[in-house]
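J.: Give me a model of this one.
(one chain, ligands or ions: 1)
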Amino acid sequence: MKFPKVRDITLRILESCGIDSPPVGLEPLLDYFNARVVYSQHQPQSALLGSKDGWTIKVNSTFREERQAFRIAHELGHIYWSDPAHHRGDPQLGGRLEHFCSKFASLLLCPHQWLVRDAPEADYDLFALKSIYPNVSHEVLALRLCYLSPLVVAIFDNGKKYRRFASPNLKYPGRETALELKLYEEVDLYGEFRETRGEIKVGGVPRSARVRGYPVFSGSFRRIILVMTPAVSSLEESEEFEEDMPYPFPEY
Ligand SMILES: [Zn+2]
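T.: Prediction:
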């Protein structure tokens with residue numbers, strides 16, 4: 001028995017809710033799944049409770065809006081797969097349900113079929129895409145872009161590196177290059193978007209690269225995201241988001 005890809009499941013759900021362009025509002029989706037949301041500061045992340053009257057999603061009230069939206073969409077994935085008709089006999093679901101629900105959340109709030117159109121139009125610019133998908137975090141957007149274009153992403157939180165990742169199968173410097181670090185300092189100093197071009201070395205081979213630096217500040221929390229585009233040929237056609245999704249998927 002063959003099951004549809006998550007990207008097709010989520011797009012069909014959005015169509016059923018009459019949502020055909022971003023941003024993806026949660027209200028019609030909650031109605032579709034007969035679910036309501038309860039915010040609580042005591043909820044570690046999110047939880048799903050079922051009753052004869054419908055579903056209740058509990059979510060941490062202190063999370064930022066994008067993270068709350070992601071958790072709610074994740075729990076909607078649990079509701080979807082709680083229906084045995086949606087997974088009976090699927091050997092892949094089993095212990096990977098959490099992984100699938102996070103993939104479901106990402107693809108529900110930012111459908112693949114829309115992003116493949118919007119990302120090139122926005123020149124893969126994080127801020128431009130964030131304005132189109134306001135309830136999707138910059139981090140999730142950056143991760144998703146790695147599956148559409150050859151990119152290297154570095155995220156720093158309050159001056160400390162949080163994570164570094166890149167497009168699948170892309171050869172890239174494992175540590176931040178001088179080009180990236182210089183741009184990081186400028187973004188940190190001025191608190192503004194900055195862009196630069198220069199040369200990096202990949203496996204001893206010089207390559208030109210563009211780096212864009214995005215300040216994502218919220219109160220005293222200072223996140224800076226560097227997105228580097230090395231000059232390489234485009235990604236292989238076969239590298240598909242759904243097959244190569246890294247685990248664990250970020251929670252927001
Ligand atoms: Zn879950």
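
J.: Show which residues not belonging to stretch 56-65 make contact with it.
T.: Contacts of stretch 56-65 with the rest of the structure, by Cβ atoms under 8 Å, 6 or more residues apart in numbering, involve 30, 35-41, 43-50, 68, 71-72, 75-76, 135, 137, 218, 252. In this view, the C-beta of every residue, glycine as well, is placed from N, C-alpha and C.

J.: my bad, should have said stretch 101-118
T.: So stretch 101-118 is contacted by 6-7, 9-11, 13-14, 21-22, 24, 29, 69-71, 73-78, 80-81, 129, 132-133, 135-136, 140-141, 144, 148, 241-242, 245, 248-249, 251 (Cβ under 8 Å, 6+ apart).

J.: Name the nearest residue to residue 105, sequence neighbours excluded.
T.: Closest residue to residue 105 apart from its sequence neighbours, by Cβ to Cβ, 6 or more residues apart in numbering: residue 73 at 3.6 Å.

J.: A strand includes the one you found, no?
T.: No - the assignment for residue 73, made by DSSP: H, G, I helix; E, B strand; the rest coil, is helix rather than a strand.

J.: Return the set of buried residues in whichever strand or helix holds residue 119.
T.: Per DSSP states H and E: residue 119 is located in helix 112-121. By neighbour count on 16 or more other Cβ atoms under 10 Å, the buried set for helix 112-121 is 112, 114, 115, 118, 119.

J.: so after it, what's the next helix or strand?
T.: helix 126-132.

J.: From the chain's centroid, how far away is that following helix?
T.: Distance of helix 126-132 from the chain centroid (Cα atoms, centre = their mean, to the nearest Å) equals 12 Å.

J.: What of stretch 36-56?
T.: A distance of 23 Å separates the centroid of the chain from that of stretch 36-56, by Cα atoms, centre = their mean.

J.: contacting residues for residue 191?
T.: With Cβ under 8 Å, 6+ apart, residue 191 has these contacts: 215, 217.

J.: could you measure it against residue 225, distance?
T.: The spacing between residue 191 and residue 225, counted by Cβ to Cβ, to the nearest Å, is 13 Å.

J.: wait, residue 142 sits on residue 126?
T.: Yes - between residue 142 and residue 126 a contact is recorded at 6.2 Å, counting by Cβ atoms under 8 Å.

J.: List the single closest residue to residue 54 in space, sequence neighbours excluded.
T.: residue 34 (4.0 Å).

J.: typo on my end, residue 171
T.: Distances taken as Cβ to Cβ, 6+ apart place residue 202 nearest to residue 171, at 5.4 Å, with adjacent residues excluded.

J.: is it true that the one you found touches residue 173?
T.: Yes - using Cβ under 8 Å, residue 202 is in contact with residue 173, at 6.4 Å.

J.: counting contacts, what elements does the longest strand along the chain pack onto?
T.: Longest strand of the chain, by residue count under DSSP state E: strand 205-218. Contacts defined by 3 or more Cβ pairs under 8 Å, 6 or more residues apart in numbering; DSSP states H and E place strand 205-218 against helix 126-132, helix 178-190, strand 194-202, strand 221-230.

J.: wait, what's in contact with the residue nearest to residue 105?
T.: Contacts for residue 73 (Cβ under 8 Å, 6+ apart) come out as 26, 29, 104, 105, 106, 108, 109.

J.: sorry, back to before: pull the distance from the longest strand of the chain to the chain's centre.
T.: 18 Å.

J.: Name the residues that touch that strand?
T.: Outside of strand 205-218, the residues within contact range by Cβ under 8 Å, 6+ apart are 64, 125-127, 138, 177, 179-180, 183-184, 186-188, 191-201, 222-232.

J.: Buried only: go through these for me.
T.: Those of the contacts of strand 205-218 that meet the buried threshold are 125-126, 138, 177, 179-180, 183-184, 187, 194, 200, 222-230, by 16+ other Cβ under 10 Å.
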